[in-house]
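In: Following is a predicted model, sequence given first.
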Amino acid sequence: MASSKEFLDFVLEQLSPLEGISYRGMMGEYVLYIEGKVFGGIYDDRLLLKPTPTAVKLSGEPSFELPYEGAKEMLSIDVDDREKLIQIISSMADELPQRKKK
């Protein structure tokens, strides 16, 4: 099942206080970036983040889900708690690898 544009718009609105947020559509889902680094994505209308040490720690009781069959587990995050969401994503930015140059 593909993710809806409405859910993407809601997540982007929740993240609007953060600078450098962008996204890219891929096969009905969305990959999310902060300052050009992948931090997570929207899969089946769920926000899933890379499980960096900081993201896992700040999430409280971490919940992991597969974005799609054959993928690595990602951290499932509640998108309704805007403050916590912003805190996690802004804190994990330094732990993310730089985007590979082609």
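Out: Looks like it arrived, so ask away.
In: switch to C-alpha atoms for all contacts and neighbour counts from now on
Out: Will do.
In: Report the separation between Ala2 and Gln87.
Out: Per Cα to Cα, to the nearest Å, Ala2 is found 27 Å from Gln87.
In: Need the residues that contact stretch 82-97.
Out: The set of residues external to stretch 82-97 that reach it, using Cα atoms under 8 Å, 6 or more residues apart in numbering, is 14-15, 17-18, 34, 37-39, 52, 54-55, 58-59, 77-79.
In: just the buried members of the residues you listed?
Out: Among those, the ones that count as buried by 16 or more other Cα atoms under 10 Å are 14-15, 34, 37-39, 52, 55, 58-59, 77, 79.
In: For stretch 46-66, which residues meet the burial criterion?
Out: Neighbour count says stretch 46-66 has 46-52, 55-56, 58-59, 64 buried, by 16+ other Cα under 10 Å.
In: What about the residues you listed, which are in strands?
Out: Cross-referencing the buried residues of stretch 46-66 against strands under DSSP state E gives 46-49, 64.
In: who touches the residue nearest to Tyr68 when sequence neighbours are not counted in this structure?
Out: Using Cα to Cα, 6 or more residues apart in numbering and skipping the chain neighbours, the partner closest in space to Tyr68 is Tyr43 (7.7 Å). Taking Cα under 8 Å, 6+ apart, we find Tyr43 in contact with 2-3, 29-30, 67-68.
In: Quick check: bridge partners of Tyr43?
Out: Going by DSSP bridges, Tyr43 is paired in beta bridges with Arg46.
In: what about it, distance to Phe10?
Out: Using Cα to Cα, Tyr43 is found at 14 Å from Phe10.
In: how close does Tyr68 get to Met27?
Out: For Tyr68, the distance to Met27 - Cα to Cα - is 12 Å.
In: More neighbours: the two, which one.
Out: Remark: of Tyr68 and Met27, Tyr68 carries more neighbours, 10 against 7, as counted by other Cα atoms under 10 Å.
In: what's the pLDDT at that one?
Out: Here the pLDDT value assigned to Tyr68 is 90.
In: SS state for it?
Out: Under DSSP: H, G, I helix; E, B strand; the rest coil, Tyr68 falls in the coil class.
In: my guess is Asp98 meets Lys37, correct?
Out: One correction, residue 98 is Gln, not Asp. Yes: if you go by Cα atoms under 8 Å, Gln98 and Lys37 touch, sitting 5.8 Å apart.
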